[in-house]
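Peer 1: Sequence first, then the predicted structure:
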Amino acid sequence: MATRATGTAAGPGPVTTMFAADEASRRLGIELLDHGDGTAVVRMTVTDAMVNGHGIAHGGYLFLLADTAFACACNGHGPVTVAAGADIVFVASAHEGDVLTATAVERTRFGRSGVYDVSVLRGDTVIAEFRGRSRSLRSTTPKEPQP
């Protein structure tokens, strides 16, 4: 996987900058392991605060982990890109102490839209499959005031 984890001599890349400002992901202990154009790998350990009344990882945390990988993958191309929609299939349970890895792969981009698949694994075991639909924003650069 081609990586731009540290950016270039001109500064950090868009994914590194976005992830550094992502308090939600960082406060859950999510680590950005790798990323490239249309790809990303993140990791999270399930803590006791993440389990539900059945003693298994709450699905919202699994979705958030997959969504973080999706965000890193779809922002690797440069323009600010957000989720237009997503869904997830929970395949197996995760438990406290499990180390989960989410790998995002771009399936296609067209116009300002894209489709990404994310697999959440515990070792070789599939925990969840996520599909995200992205939309790049138009320029967010402020315009110069007009005289």
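Peer 2: Everything's here; your move.
Peer 1: Do I have it right that residue 22 meets residue 68?
Peer 2: Yes. Between residue 22 and residue 68 there is a contact under C-beta atoms under 8 Å: 7.2 Å. C-beta: built from backbone N, CA, C; applies to glycine.
Peer 1: higher neighbour count, those two?
Peer 2: Neighbours around residue 22 and residue 68, counted as other C-beta atoms under 10 Å, are more numerous at residue 68. The numbers are 25 against 16.
Peer 1: for the more buried one, phi and psi?
Peer 2: phi -70, psi -40 (degrees, to the nearest 10).
Peer 1: I'd like the numbering to begin with 56 instead of 1 from here.
Peer 2: All right, first residue 56 from here; so that's residue 123.
Peer 1: State the pLDDT value of it.
Peer 2: Residue 123 carries a pLDDT value of 98.
Peer 1: Skipping adjacent residues, who's closest to it in space?
Peer 2: Once flanking residues are discounted, residue 123 sits nearest to residue 80: 4.6 Å by C-beta to C-beta, 6 or more residues apart in numbering.
Peer 1: contacting residues for that neighbour?
Peer 2: With contact set as C-beta atoms under 8 Å, 6 or more residues apart in numbering, residue 80 has these partners: 74, 97, 119, 123.
Peer 1: how close does it sit to residue 146?
Peer 2: Distance, residue 80 to residue 146, using C-beta to C-beta, to the nearest Å: 22 Å.
Peer 1: What are the boundaries of the helices in the chain?
Peer 2: 69-75, 78-82, 114-129 (DSSP state H).
Peer 1: Give me whichever of these is most buried.
Peer 2: Most buried of the helices of the chain by mean neighbour count (mean count of other C-beta atoms under 10 Å) is helix 114-129; its value is a mean of 24.
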